[in-house]
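Engineer: structure, please.
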Amino acid sequence: MLPLERQKKILDLLTVKKVLKITELTDELDISIDTLRRDLNLLTTQGKIEKIYGGVKLVDRFGESSMDERMVNHLEEKERIARKCSEYISDGDCIYIDSGSTTYQIAKYIKQKKKLTVITNSIPVINELMHCEVELIIIGGKIRQDEQSVVAFDYIFNFHELNVRKAFICCSGITIERGISDYNLEEAITRKKMIELSKEVFVAADSTKFGKDVTISIAPLDRIDTIVTDGNVDRSFLPKFKKTGTTLVIADV
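Structural biologist: Residues are numbered from 1 along each chain as shown. Below is the predicted model of the structure:
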């Protein structure tokens, strides 16, 4: 198993159990204590785990800021991204808008679209579109109060009855090698399902997300049609994206 694969396995195990002993990890991964220590030291340096006596645990929310904080952080960039995303939405579309501070901004720019259907799990998106002509469908499931979102379960909502033309997805990390990722397993499951069901997938993500591979993998780049980001993105990513099937769009002023 490669180091990156081991480290992802460690994070996956901690996502389920929260705290693990060193002996549990060496047995589960079938590696030496020295190899495990190297992996744990790297994950600790990255701020993803915290060492405790005899074991390790996840850093709370991996340093992810709250939804309220994200709503105001990099606001100008997120508004530019949202305006650009709105250009891909046509009258009569059936679209999915994900929970997230960037995708929320899209709702502000689509209120005048005709015969538009919006499926969402975002409570702020619902509040934004409640009093316009857009037809709203909310995914059923459990409320995540800290994220102001609904995380879905198959037995509550039949995803396969949806006819979604375009999905606008958020994420917390983007890399060429591993695609898009997020911190929360439940949010990731909903995003994976909507990517599976949608004819065209857009990722709306500000430039700070690039180069990060966080806890839960959502989808590789070959499942993503377009990523819309802001002008602060590291230009070294541009030639790398040209070698993929994903279009990288930079939202200008």
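
Engineer: show residues contacting stretch 228-243.
Structural biologist: 74, 77-78, 80-81, 84-85, 176, 202-207, 209-211, 227, 247-252 (C-beta atoms under 8 Å, 6 or more residues apart in numbering). Any C-beta I mention is one placed from the backbone N, CA and C, and that applies to glycine too.

Engineer: check contacts around residue 138.
Structural biologist: Here residue 138 is in contact with 119-121, 126, 150 (C-beta under 8 Å, 6+ apart).

Engineer: the host helix or strand of residue 37: how far from the chain's middle?
Structural biologist: Taking DSSP states H and E as the criterion, residue 37 maps to helix 33-45. Taking C-alpha atoms, centre = their mean, to the nearest Å, the mean C-alpha location of helix 33-45 is offset from the chain mean by 26 Å.

Engineer: can you give me the buried ones in the following helix or strand past it?
Structural biologist: As assigned by DSSP H and E, the chain's next helix or strand after helix 33-45 is strand 49-52. Residues of strand 49-52 classed as buried: residue 49 (neighbour count, 16 or more other C-beta atoms under 10 Å).

Engineer: give me the sheet partners of strand 49-52 and which way each runs.
Structural biologist: strand 55-58 (antiparallel) (DSSP bridges).

Engineer: same question for the partner strand, mean pLDDT?
Structural biologist: Here strand 55-58 scores 84 as its mean pLDDT.

Engineer: that strand: how far from the chain's middle?
Structural biologist: Strand 55-58 sits 24 Å away from the centroid of its parent chain (C-alpha atoms, centre = their mean).

Engineer: helix/strand/coil for residue 136?
Structural biologist: Of the three states, residue 136 takes strand under DSSP: H, G, I helix; E, B strand; the rest coil.

Engineer: doesn't residue 20 fall inside a helix?
Structural biologist: No - going by three-state DSSP, the assignment for residue 20 is strand, not a helix.
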